[in-house]
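Trainee: sequence and computational prediction follow.
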Amino acid sequence: MEPTFGGVGFALSHATMEGKITIAFLLIFSLVSWTVIISKFRQIGRAKRMNEKFLTAYSEGNAPLDLFERGGVFEGSPLFDVYTISCEELKRQMTKYGEKIPFHGISAARIAIERGMGEANINLESGLIILATSISGGPFVGLLGTVWGVMDTFSGIARAHQANLTAMAPGVSAALITTIVGLMVAIPSLFCYNYLVSKFREVTIEIDNFGAHLENVFSTEYLREKSSGDPLEPVSDHSEEREGAQRDAYPLTGSPHPGTV
C-alpha cells in the first residue's frame, strides 16, 4: 500500500527540477523579505521611542543648542539626526559670524535641516523596495513555475499517449504548488508593507514638523538684524500663525526663550 501524502507533500513529491528551482528561489526571497520586515518593525519601534526621549531632553534646554552642546546621543531617532546636522551647520556659521548670523548663514542652516530631513526619510524607506518587489514579483514567478510545469505535464502525456486524469493529476498538482508558494511570499509582504508605510508616514510628518520648528527657532534666535553690509536681505516667511502652530505641535515645557520646544 502506497503511503498517503497531504496535498502539499504530494505536489512536492512530483515536482519537476524546474519547479523545485522555482520554489527554492521563492523561499530564499521569502527569507529576505521576512528579514526586511523584522528589521523595519524594529526600526520604527526604536524611532518612536527615541524620538520621545529626544523631545523630552530637548524641551529641558534653555536654548536651541543646549542639548547639542551637552553632547546628548539618541541613536535611532530621526529627529535627533536632523537636529544634529542642523546644529553642526549653525555652529559653523556662528564660528564665522558670531552669535548673530546674517540671512545667508541662516539659509545655510535651513539647507542643512532639509538635507537631514531627506536623509532621515531615505533611511526610513530603505528596504521597502524589497517588499514591493515581493508583492509584485512573487505571484508572477510562481505563475511562471506553474505554466512551465503544466507545459511539461502535457508534453509527457503527449509522448506517453495517455490522456487521462491519473496521468495528468501529479504533474498539474506539482505545477500548482509554485503559484501557492508565490502567493505565500506576496501576501505577508503586502500586509506588512502597507502597515509600515502608514507608520513611516507618521514619523515623516513628525520630521517635517520638527524641521519647520527648527527653521523658525534658528531665525528667531540667531538671525542678525538687517544691516547695509549684508549681501542679502532677510525675507520674513514665518508668520505668527505658523510659529503658533509649531509651538502647538511641540507642547513641551522648560523653554523660557521664544521658539524653543
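Mentor: Nice, I can see it. Numbering: from 1, shown residues only.

Trainee: any idea how far Asn62 is from Ser155?
Mentor: In this view, Ser155 and Asn62 are 80 Å apart by Cβ to Cβ, to the nearest Å. (Glycine included, C-beta is placed from N, CA and C.)

Trainee: nope, Val147 is what I meant
Mentor: Val147 sits 69 Å away from Asn62, taking Cβ to Cβ as the criterion.

Trainee: for Gly118, same thing?
Mentor: Distance from Gly118 to Asn62, by Cβ to Cβ: 30 Å.

Trainee: just checking, what packs against the helix or strand Lys48 falls within?
Mentor: Assigned by DSSP states H and E, Lys48 belongs to helix 17-59. Counting contacts by 3 or more Cβ pairs under 8 Å, 6 or more residues apart in numbering; DSSP states H and E, helix 17-59 is packed against helix 78-97, helix 103-125, helix 128-160, helix 165-222.

Trainee: what is the orientation angle of that helix with helix 78-97?
Mentor: With axes from the mean of the first three to the mean of the last three Cα atoms, to 10 degrees defining the directions, helix 17-59 sits at 50 degrees from helix 78-97.

Trainee: tell me which residues in the helix or strand that comes right after helix 17-59 are buried?
Mentor: Per DSSP H and E, helix 17-59 leads on to helix 66-70 as the next helix or strand towards the C-terminus. Within helix 66-70, the residues that qualify as buried are Leu67, Phe68, counting by 16 or more other Cβ atoms under 10 Å.

Trainee: what's the answer for stretch 42-50, then?
Mentor: Buried-residue list, stretch 42-50, by 16+ other Cβ under 10 Å: Gln43, Ile44, Ala47, Lys48, Met50.

Trainee: for the spatially closest residue to the last one that is not a sequence neighbour, which residues are in contact?
Mentor: Closest residue in space to Met50, ignoring its immediate chain neighbours: Ser77 at 3.6 Å, by Cβ to Cβ, 6 or more residues apart in numbering. With contact taken as Cβ atoms under 8 Å, 6 or more residues apart in numbering, Ser77 is in contact with Ala47, Met50, Asn51, Lys53, Phe54.

Trainee: which members of the residues you listed are the farthest-apart pair?
Mentor: Pairwise distances across the contacts of Ser77 peak at 11.0 Å for Ala47 and Lys53 (criterion: Cβ to Cβ).

Trainee: before we move on, the earlier item: list just the nearest of the contacts of Ser77 to Thr178.
Mentor: Closest to Thr178, out of all of those and judged by Cβ to Cβ, is Ala47, at 37.5 Å.

Trainee: can I assume the closest one is in contact with Glu75?
Mentor: No. At 10.5 Å, Ala47 does not count as touching Glu75 under the criterion of Cβ atoms under 8 Å.

Trainee: for the closest residue in space to Trp34 that isn't next to it in sequence, give me the pLDDT.
Mentor: Excluding the flanking residues, the one nearest Trp34 by Cβ to Cβ, 6+ apart is Pro188, at 7.6 Å. Pro188 carries a pLDDT value of 92.
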